[in-house]
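Undergrad: Compute the structure for the input listed below.
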Amino acid sequence: MEDEWLHSLLACTLFRNGKPKEAEKSARTAIGCEPTFATAHYFLAQALLGQSRHREAIETVDEAIRLDPEDGDHFALKTQALFERNLLAEALETAEEGLRIDPTHEACRIFRSLILGRMGRLDEARADSDALLAEDPEDSWNFSARGWVLIQARDGEGAQRCFMEALRLDPLNSDAKEGLAQTIQIQTPVVGLILRVLIALERVPIWAIVAVFLLIPRLGRWLAKSDLPEPVQFAGHLTGILFFAIVLIVAAILPLQLFALRFTRAGRTMLSDDQRRAIRWSVGPLLIGMAYFLFWVSTGAKGVPIHSFAWIAACRLIYEVYEDPNPWLRRVMACLAGLAVAFSIWIEFAGAVILAPKYLEIREIIGATLEASAEGANPSELIQKNLGAEFKEKFAAVNRLKNWLTLYPTLLFFLIATFADDIRTRLKRYAPDET
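TA: Reported below is the predicted structural model:
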């Protein structure tokens with residue numbers, strides 16, 4: 001019970017069996033037996049990374065590097081953690097540091113090529129992946145790395161060939177399966193265009209993306225309400241429509257990727273049972289949300305975008321239920337998805353049951369006021385003159401009720417859906433080991 005090697009190997013075994021929390025306990029026990037045992041710190045960092053606790057994993061693997069600075073595996077694990085956090089410059093530096101210690105370390109070389117591709121340094125990325133394949137053309141992971149580089153270079157057909165070769169060499173290569181699925185999606189006209197745009201946006205600073213998204217709707221409203229020529233006003237309306245379309249598509253892009261696979265012969269073979277279930281349950285909310293959006297575009301009916309956003313949020317949260325095999329995490333995400341669906345159904349009836357009678361009462365008061373006034377007078381002036389402060393407060397109260405019943409909850413659910421992947425990743429830290 002005091003053998004740090006046995007506890008470390010137990011941590012490794014537990015981690016590979018999908019039990020990262022138990023693996024963490026065993027690794028900490030190994031460190032307790034021998035605090036200077038670098039391998040125990042390495043396996044602890046691996047268990048933490050498996051729980052998406054990237055910051056702690058990086059700190060732990062740094063300790064492993066301090067204790068044993070000549071092990072390339074330590075640098076490869078730190079590179080992986082930094083790469084998953086999208087800290088590309090630091091990840092590249094760590095990979096190159098590992099390669100200075102061991103120039104033949106395969107994991108560091110693969111990560112280096114992936115990072116260079118993500119950073120847009122495609123010539124260097126291609127050179128790295130070509131060198132890996134030249135040295136070992138029978139390694140499935142080398143073909144997989146080459147495929148991801150070609151995706152960044154927008155060579156879908158070449159990437160597909162690489163991933164298929166990787167799966168021929170190793171049918172269990174999950175990275176190649178994911179890459180092949182993405183190449184099929186990229187070659188689908190609409191979804192492929194969206195994915196290529198998102199891949200390009202990975203190289204744009206987040207502050208620039210946020211600034212543009214804040215600017216576009218304001219610019220559209222200003223142009224639409226300006227005194228400029230009609231074509232310019234129309235361009236303002238079109239800008240607003242495109243903005244809402246982009247927001248909806250970004251929220252629904254992951255379910256749309258699955259649908260792109262579902263409707264291609266090669267893609268259907270790539271779908272897992274969980275992905276098929278995700279399609280089955282999320283297709284209804286997606287179609288309803290898109291139908292509401294098209295109805296709003298064609299008629300301009302106020303309030304319709306709220307319904308569209310609510311159903312798209314429900315679609316994305318249903319998709320997230322099937323993204324992780326942990327049963328506890330699935331139950332939590334299913335609760336969120338259930339609430340989103342229930343709310344989407346609620347707003348279908350809230351207007352008719354609660355708000356419509358109140359607005360009808362307001363219309364009747366306004367109508368009676370206009371009838372009692374002199375003919376030929378300006379209606380807006382009559383309303384301002386004859387309707388008292390009590391009525392105006394009542395009208396404002398109904399609008400506040402509308403916001404609290406429909407608008408604010410819709411925005412909340414849509415915000416949750418937009419960041420559902422990050423929420424699921426954070427919840428994963430608290431998920432018990434269940435298989």
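
Undergrad: Skipping its backbone neighbours, what lies nearest Thr418 in space?
TA: For Thr418, ignoring the flanking residues on the chain, the nearest one in space by Cβ to Cβ, 6 or more residues apart in numbering is Ala251 at 5.2 Å. Just so you know, the C-beta spots here come from the backbone N, C-alpha and C atoms, and that holds for glycine as well.

Undergrad: How about His237?
TA: Spatial nearest neighbour of His237, chain neighbours left out: Ala224 (5.0 Å); criterion: Cβ to Cβ, 6+ apart.

Undergrad: Can you give me every residue that contacts the residue nearest to Thr418?
TA: Going by Cβ atoms under 8 Å, 6 or more residues apart in numbering, Ala251 touches 312-313, 316, 414, 417-418.

Undergrad: Repeat that for Arg426.
TA: When contacts are counted by Cβ under 8 Å, 6+ apart, Arg426 is found next to Ser52.

Undergrad: In which helix or strand does the residue nearest to Thr418 reside?
TA: Assessed by DSSP states H and E, Ala251 sits inside helix 230-262.

Undergrad: Tell me which residues of that helix come out buried.
TA: Of the residues in helix 230-262, those with enough neighbours to count as buried (16 or more other Cβ atoms under 10 Å) are 236-237, 239-240, 243-244, 247-262.

Undergrad: What separation do you get for the residue nearest to His237 and Ser308?
TA: Note on Ala224: its distance to Ser308, by Cβ to Cβ, to the nearest Å, is 19 Å.

Undergrad: can you check Arg161 too?
TA: Counting by Cβ to Cβ - Arg161 and Ser308 are separated by 39 Å.

Undergrad: and what of Ile279?
TA: Remark: distance between Ile279 and Ser308 (Cβ to Cβ) = 20 Å.

Undergrad: Centre of the chain to stretch 185-199, how far?
TA: 15 Å (Cα atoms, centre = their mean, to the nearest Å).

Undergrad: let me redo that: stretch 167-185
TA: 20 Å.

Undergrad: helix/strand/coil for Pro35?
TA: Three-state call for Pro35 (DSSP: H, G, I helix; E, B strand; the rest coil): coil.

Undergrad: And it, its phi and psi?
TA: Backbone torsions of Pro35, given as degrees, to the nearest 10, read phi -60, psi -20.

Undergrad: How about Asp3?
TA: The phi/psi pair for Asp3 (degrees, to the nearest 10) is phi -90, psi 110.

Undergrad: Any figure for the gap between it and Glu34?
TA: Noted for Asp3: a distance of 9 Å to Glu34, by Cβ to Cβ.
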